[in-house]
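1. Fold the following and give me the result.
(2 chains)
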Protein chains: 2
Amino acid sequence: MIKYTNMKKFKIIKKSKKSKARNGIVTTGHGKVKTPVFMPCATLGAVKTLAPYEVESLGFEIILANTYHLFLRPGEKFIKKLGGLHDFIKWNKPILTDSGGYQVFSLGAGNRHGDKKSAVKITPDGVEFKSHLDGSKHFFTPEKVIDIQLDLGSDILMIIDICTEYPANKKRARETMEITHKWAERSIKYWKRLKRRRPHLARKLLFGIIQGSVYKDLREESARFITSLGFDGIAVGGVSVGEGKRHMYNVMRWAAPHLPKDKPRYLMGVGEPEDLIRGVSLGYDMFDCVLPTRLARHGVVWIKQGKGFKKLDLRKSSSRSNNNVIQKGCGCYACSNGFTRAYLSHLVREKEVLGIRLLTLHNLFLINELIQSIDNGDVF
Amino acid sequence: MIKYTNMKKFKIIKKSKKSKARNGIVTTGHGKVKTPVFMPCATLGAVKTLAPYEVESLGFEIILANTYHLFLRPGEKFIKKLGGLHDFIKWNKPILTDSGGYQVFSLGAGNRHGDKKSAVKITPDGVEFKSHLDGSKHFFTPEKVIDIQLDLGSDILMIIDICTEYPANKKRARETMEITHKWAERSIKYWKRLKRRRPHLARKLLFGIIQGSVYKDLREESARFITSLGFDGIAVGGVSVGEGKRHMYNVMRWAAPHLPKDKPRYLMGVGEPEDLIRGVSLGYDMFDCVLPTRLARHGVVWIKQGKGFKKLDLRKSSSRSNNNVIQKGCGCYACSNGFTRAYLSHLVREKEVLGIRLLTLHNLFLINELIQSIDNGDVF
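-> Numbers count the residues shown, from 1 in each chain, chains lettered A, B, ... in the order given. I've put the predicted structure just below:
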């Protein structure tokens, strides 16, 4: 029998000499994940439009599922009863679940159900919010979101945090950060208690999340504090909150030096191809973003241009009669089988699902190829 | 070089002793098609939600595309310029195109654009209609719809007909049938003239269509008349117009004895699994229907029950917590990979595209399996 407690959850294989980039391996109860890694979003238990075999054959080793959404429908108890999320969605590799915190503050604000004031109430104990689906009231605590993620059967669990709204003055940013910190302490305490009673939980990883809005000293303080609590990995939250990419790049840069070297570092909600390169070069190991699937739904694909990337909107008239593939030499299903921009443009404009699928396959292929090739690039 | 004119376009391989069923092979410029055959609908150039490799691996040898839709968007001239429909949609096997007649009378009636009276005007020369997309006026003649289908690059072309509205009194049914007959004469005349000038058109097949509403004598008369014109195959149109299945079964039965024995017989817009069995046993060879994909979009699948079939609505509460696959022993991707009704129900209710895809794969797999297995069934 495996001695769970001796399981090495993160191992660094190689370090760059040019940058802070590193290659590593995260070990979970559902297998290993090579880092740097990008996690496609399976918000409701499916990477939008794709079957599990497609996600796997694109080369992805881990996906992200949303606690908030699955808690509301079909419910974590329901999924547990049916055998857990892996079996429910037929994905046998690792799953990371977020804590629902971000969605509580973005979707659960209650405005959709006629409330003028925000329906999110933060108390020292947790957060009350209204479902964006039916307006029903719910209460999340640090302990409760861990329980939900355990019911789902997650491999990497995230603690609850307050994703501070933007703009927030420093006082507000500090207040919400401090609540996040208190919740982090409660989370790790609860997690340790659970692990004592249920040793097999040692196969799972619990990640802390740092906040601090757009303030350098708060971000540094948060990074140091959360790191001190002994989580299995550290995430940087609230990264893409703010204006444009300036804030985002600042936050990435400020937090990085204060994160533990021997643990996986996860940059939440990032990002575009160039952001991934920047993130890896700063020493981040894990990334997730809805963009590859969301852009595809809107008819947009990434293409390489020179050393960079650009977006191509296939609904635009310039694509309509273009008889070339999205990108010559690309190995994705759409490009390697000769589907032309003209056909894809036709499908997207006609709202044919196949169009969204082919664009999703292209975008995710490009992202995975980028992550795979980063070792040979400028960041290493 | 192949002598096109000597190409045998339909060959009967086996005849049933129990019924009128037969096995045959239709030969087209894009390969052979074993009959009986079901043709999935690729209305806008894609079998809804599926990539071409999926349609092929389900076992389908021919698909149907809609002339009316492709004429309106992106346009047959556009598709011709880009290399024809096969290359545009990356489907290298045979394609049958309908004539657009049915859509002109169902979608092109103009009611969606604020006109009180029908915007479809039948003249001796052809039919004027309004686009259901933007209300623009168009005119189809027997010659024009052949030209459009040739521009698309169709392998099996259909002539234009009037799909008589239901209910229609006998006078109206006869009038519209007689126009259909005149148009059929013009179609075959035009086709012969074209073939004299362009010998390679001999690789293509042109099918006539019989009408006659719900009147036995008209159906018989139409079957005899259209048969006498020497088309490569004969289709029965307007089959599912009318009330329930009584009319449909009548029309199938009335027309069958008057159709040519040595040519493919195509029952248009049919149908459900039990209708296919009935159709084959009456001697029909070709079928198409939007139901496998349309039902899937609405969360409905077919399952076998005893010797028959029934529909299962996965949105219903009885499916929500059912941890079984759609049908045990089914070889479709969804069933053979263990996707449960509960998960499929969740996906369908959440409008996740993967749900529609998995249900589409199931329904089309079942239909193809049925067609493949008919030889061993009761009808042979």
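2. what sits up against stretch A:245-263?
-> A:10, A:12, A:20, A:210, A:212, A:214, A:216, A:219-220, A:222-224, A:227, A:231-234, A:236, A:238-242, A:265, A:267, A:270-271, A:275, A:278-279, A:282-284 (CB atoms under 8 Å, 6 or more residues apart in numbering or on different chains). All C-beta atoms are positioned from the backbone trio N, CA, C, and that covers glycine.
3. Write the PyMOL selection for whichever of those are buried.
-> Of the contacts of stretch A:245-263, the buried ones go into a single PyMOL selection, burial set by 16 or more other CB atoms under 10 Å in any protein chain shown:
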select buried, chain A and resi 10+20+210+212+214+219+220+222+223+227+231+232+233+234+236+238+239+240+241+242+265+267+270+271+275+278+279+282+283+284
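4. Take the contacts of stretch A:245-263 and keep only those in strands.
-> A:10, A:12, A:210, A:233, A:234, A:236, A:265, A:267 (DSSP state E).
5. Surely the fifth one and residue A:224 touch.
-> No: under the contact definition of CB atoms under 8 Å, residue A:234 does not touch residue A:224, with a separation of 10.5 Å.
6. what about the helices in the stretch 201-350 of chain A?
-> Here the stretch 201-350 of chain A has its helices, by DSSP state H, counting those that start in this stretch, at A:216-228, A:244-255, A:273-281, A:291-297, A:317-320, A:333-336, A:341-349.
7. Return the set of residues that bridge with the closest residue to residue A:279 other than its chain neighbours.
-> Excluding the flanking residues, the one nearest residue A:279 by CB to CB, 6 or more residues apart in numbering or on different chains is residue A:267, at 4.8 Å. Note on residue A:267: beta-bridge partners by DSSP bridges are residue A:236, residue A:287.
8. Return the residues in contact with residue A:267.
-> A:235, A:236, A:239, A:252, A:279, A:284, A:286, A:287.
9. hmm, try it at 6 Å
-> Residue A:267 makes contacts with A:236, A:279, A:284, A:287, as judged by CB atoms under 6 Å, 6 or more residues apart in numbering or on different chains.
10. Over to residue A:134: give its phi and psi.
-> Main-chain torsions, residue A:134, degrees, to the nearest 10: phi -130, psi 10.
11. What parts of the stretch 201-350 of chain A come near chain B?
-> A:323, A:337, A:339, A:342, A:343, A:346, A:350 (CB under 6 Å from any CB of the partner chain).
12. again, only this time at 7 Å
-> Residues of the stretch 201-350 of chain A found near chain B (CB under 7 Å from any CB of the partner chain) are A:321, A:323, A:337, A:338, A:339, A:340, A:342, A:343, A:346, A:347, A:350.
13. Test my guess that the first one contacts residue A:343.
-> No: counting by CB atoms under 7 Å, residue A:343 is not a contact partner of residue A:321; they are 10.7 Å apart.
14. of those two, who's got more company?
-> A direct count of neighbours by other CB atoms under 10 Å in any protein chain shown for residue A:321 and residue A:343 places residue A:343 higher, at 28 against 14.
15. Could you check which helix or strand contains the nearest residue to the more buried one once chain neighbours are set aside?
-> Take residue A:343 and drop its neighbours on the chain: the residue closest to it by CB to CB, 6+ apart is residue B:88, 5.4 Å away. Using DSSP states H and E, residue B:88 falls within helix B:85-89.
16. Which strands and helices lie in contact with whatever helix or strand comes next after that helix?
-> With elements assigned by DSSP H and E, the helix or strand that comes after helix B:85-89 is strand B:95-97. For strand B:95-97, the elements it packs on are strand B:63-65, strand B:156-158, judged by 3 or more CB pairs under 7 Å, 6 or more residues apart in numbering or on different chains; DSSP states H and E.
17. Name the next helix or strand downstream of strand B:95-97, please.
-> Using DSSP H and E, the helix or strand that follows strand B:95-97 towards the C-terminus is helix B:101-106.
18. Point out the other elements, helices or strands, that that next one touches.
-> helix B:67-72.
19. show me the contacts for residue A:285.
-> Residue A:285 makes contact with A:24, A:35, A:36, A:37, A:264, A:265, A:266, according to CB atoms under 7 Å, 6 or more residues apart in numbering or on different chains.
20. And for the closest residue to chain B within the stretch 101-250 of chain A, nearest residue in space, chain neighbours not counted?
-> Nearest to chain B, among the residues of the stretch 101-250 of chain A, is residue A:133, at 10.1 Å (CB to the nearest CB). Sequence neighbours aside, residue A:72 is the residue nearest to residue A:133 in space, at 5.8 Å (criterion: CB to CB, 6+ apart).
21. ok, now how distant is the one you found from chain B?
-> 10 Å (CB to the nearest CB, to the nearest Å).
22. for residue A:8, same thing?
-> 32 Å.
23. didn't that residue look like it was pressed against residue A:27?
-> Yes: in terms of CB under 7 Å, residue A:8 counts as a neighbour of residue A:27; the distance is 6.5 Å.
24. Please say which of the two ends up with more neighbours.
-> residue A:27 (17 against 8).
25. What is the burial count for residue A:123?
-> 10.
26. Quick check: pLDDT value at it.
-> Confidence at residue A:123, expressed as pLDDT, is 93.
27. what's the answer for residue A:114, then?
-> So residue A:114 comes in at 50 (pLDDT).
28. Buried residues in stretch A:168-179, which are they?
-> By 16+ other CB under 10 Å, the buried positions in stretch A:168-179 come out as A:168, A:173, A:174, A:176, A:177, A:178, A:179.
29. what mean pLDDT does the longest helix anywhere in chain A have?
-> Secondary structure of chain A per DSSP state H: the longest helix is helix A:170-197. Helix A:170-197 shows a mean pLDDT of 97.
30. what's the angle from it to helix A:216-228?
-> Relative orientation of helix A:170-197 versus helix A:216-228 (axes from the mean of the first three to the mean of the last three CA atoms, to 10 degrees): 10 degrees.
31. Name the nearest residue to the spatially most central residue of chain A, sequence neighbours excluded.
-> When CA atoms, centre = their mean is applied to chain A, the residue found nearest the centroid is residue A:288 (3.2 Å). Excluding its sequence neighbours, the residue lying closest to residue A:288 (CB to CB, 6+ apart) is residue A:39, at 4.2 Å.
32. so who does that neighbour touch?
-> The contact partners of residue A:39, by CB under 7 Å, 6+ apart, come to A:62, A:63, A:64, A:96, A:286, A:287, A:288.
33. Which of those residues sits closest to residue B:369?
-> Of all those, residue B:369 sits closest to residue A:63, with 31.8 Å by CB to CB.
34. if you skip the residues just before and after it, what's nearest to that closest one?
-> residue A:42 (4.6 Å).
35. quick one: furthest residue from the center of chain A?
-> Max distance from the centre of chain A (CA atoms, centre = their mean): residue A:321, 36.2 Å.
36. how about it, phi and psi?
-> Backbone geometry at residue A:321, expressed as degrees, to the nearest 10, gives phi -120, psi 20.
37. Show me what from the stretch 51-200 of chain A comes close to chain B.
-> So the stretch 51-200 of chain A meets chain B at A:51, A:73, A:74, A:78, A:82, A:88, A:89, A:90 (CB under 7 Å from any CB).
38. switch to 6 Å and redo it
-> Going by CB under 6 Å from any CB, the residues of the stretch 51-200 of chain A near chain B are A:74, A:82, A:88, A:90.
39. who wins for most neighbours among these?
-> Of those, with other CB under 10 Å as the count, residue A:88 tops at 25 neighbours.
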